[in-house]
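**Student:** using only what follows, build the 3D model:
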Amino acid sequence: MKKIRSIEDVQNVASQAKHVLTLFSGGLDSSYLLEILKNSRAKVTAVAIDLGDDIEESKLKLITDHYGFDLKILDAKQEFVEHSLFSAIQAQALYLGDYPVSSSLSRPIIVKKAVELAQILGCDAIIHTANQSQNSLRRLNGAIERSGYQGFYGSPYEYSAISREEKAQTLFHSGLVGFKSRNVSGDSNLWCREFESGILDDPENFTLADSLFTWSRWQPEHHLEGDSIKIGFKQGYPVTLNDKPITLLELIAFINNHVGAYEIGHYVGFDHLDQDEKVLEVREAPAAMLLMKAYKLLETATLPTDVLKAKAWHNETWTQEAVEGRFGSLLQNASYAFIAHTAEHVSGSVLFKLSRGNAIPTSIVADNARYLRDRDNWEINVAHARSMRSVQLEPTSDKQHQVA
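**Tutor:** Numbering: from 1, shown residues only. Below is the predicted model:
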């Protein structure tokens, strides 16, 4: 068995391995893993995958230098957009129709980049820091398994449960300050910023602190002229902002920073663990919300209703395969083939009017649209066309008029 599941497993592997790769974010859990490895004989490289979270290299290097470990930062933003986000928009990737999925989309990219680096460096082990109450545990492990990586892999926190307070205290005594003030666990990328644990542990008693949010706070200085925004699509892909060409990477950043400034894009909901326990999560995702809303309007305006009904099933299948850590499975790929074919017929634009907490469509212009633009005139014309017939009466015989 090559799966790492406890601190003891990490220590045993590190005593034999020549080179260990850790997935590193600079957060409490990944920093505590470096603390566990500090006395190992193995060479340790911490890798941070940049998915648009504004990684501060100096802060990460401060931690890795503290332990004398190497730091690698790999830029995967464009790959994340092309591999995951285009398809997520088209598949309306919402968890049970509730909120945009995020880590389900990012984990396959993180693992792909980590495995590539591990093979280049000759690493004997890849260690991450997801725990039992995080779905990333099965998503990361599943992605590593499917990658064909032959070394040890897994998380020490699967079986070794340590409180956040204890981890922060240990790091403090090791000389790393600042972790004691962190009261939630966060995961963020250019698509979504999500939070869990800590002050969000108890669904019956939690507080949404303003400090959690970066994009979706009320920020009048970032509001748009006319409080409106127009998004254009061509064959299923977002291609214009206010009628000007733009890349999806640039478009997402613009929407997050400017549409989010109207307090748009907050979500509170539950995720399920592998035994169907439910955990509370809070997230902000203004661009995900607006882009999926615009796409939904255009595809509904364009596609036949029976196709939309079938697509709804494929949307859910594609999303659930991602949620369960099976990104790229045969079933998900088959569902996406259907979704991608329908996307070829989705082109047009949606204009939104923005106000506090709301993005209301005020114009939907779809190519090859099925919608009516003048219902009164349509009804008159249809009624006239359908009335161009005469009632055929059966001929009556004389006998029917005779009185018995």
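**Student:** middle-most residue in the protein, spatially?
**Tutor:** For the chain, the residue nearest the mean C-alpha position is residue 102 (2.1 Å; Cα atoms, centre = their mean).
**Student:** what residue, apart from its backbone neighbours, is nearest that residue spatially?
**Tutor:** Leaving aside its sequence neighbours, residue 102 sits nearest to residue 192 (Cβ to Cβ, 6 or more residues apart in numbering; 3.6 Å). Heads up, the C-betas are built off the backbone N, CA and C, glycines and all.
**Student:** contacts for the host helix or strand of residue 59 next, please.
**Tutor:** Secondary-structure assignment from DSSP states H and E places residue 59 in helix 57-67. Identification of contacts with helix 57-67 by Cβ atoms under 8 Å, 6 or more residues apart in numbering yields 24, 26, 31, 34-35, 37-38, 44, 46, 48, 70-71, 73, 174-176.
**Student:** what's the following helix or strand after it?
**Tutor:** As assigned by DSSP H and E, the chain's next helix or strand after helix 57-67 is strand 70-75.
**Student:** thought residue 241 was touching residue 231?
**Tutor:** Yes. Applying Cβ atoms under 8 Å as the test, residue 241 and residue 231 come out as touching, 6.7 Å apart.
**Student:** pLDDT below threshold where in the chain?
**Tutor:** Across the chain, residues meeting the criterion (pLDDT under 70) sit at 1, 180-182, 390-391, 396-404.
**Student:** how about 80 then?
**Tutor:** In the predicted model, the chain carries pLDDT under 80 at residues 1, 133, 178-183, 389-404.
**Student:** picking that back up, which among the contacts of helix 57-67 gets closest to residue 94?
**Tutor:** Nearest to residue 94 among the contacts of helix 57-67 is residue 48, at 28.1 Å by Cβ to Cβ.
**Student:** so which residues of the stretch 251-400 of the chain form helices?
**Tutor:** For the stretch 251-400 of the chain, the helices defined by DSSP state H, counting those that start in this stretch occupy 286-302, 305-323, 330-343, 375-386.
**Student:** go ahead and name everything in contact with the shortest one.
**Tutor:** The one in question is helix 375-386. Applying Cβ under 8 Å, 6+ apart, the set of residues contacting helix 375-386 from outside is residue 372.
**Student:** when you give positions from now on, start the count at 270
**Tutor:** All set: I'll call the first residue 270, so the last point we hit is now helix 644-655.
**Student:** send me that helix as PDB with only the CA atoms.
**Tutor:** Below are the C-alpha coordinates for helix 644-655, written out as PDB (Å, rounded to 0.1, in the frame of the first residue of the first chain):
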ATOM      1  CA  ARG A 644     -46.500  38.400 -28.900                       C
ATOM      2  CA  ASP A 645     -49.600  40.300 -29.800                       C
ATOM      3  CA  ASN A 646     -48.700  40.400 -33.500                       C
ATOM      4  CA  TRP A 647     -47.600  36.800 -33.400                       C
ATOM      5  CA  GLU A 648     -50.900  35.800 -31.900                       C
ATOM      6  CA  ILE A 649     -52.900  37.700 -34.500                       C
ATOM      7  CA  ASN A 650     -50.900  36.100 -37.400                       C
ATOM      8  CA  VAL A 651     -51.000  32.600 -36.000                       C
ATOM      9  CA  ALA A 652     -54.700  32.800 -35.200                       C
ATOM     10  CA  HIS A 653     -55.300  34.000 -38.800                       C
ATOM     11  CA  ALA A 654     -53.200  31.300 -40.300                       C
ATOM     12  CA  ARG A 655     -54.700  28.600 -38.200                       C
END
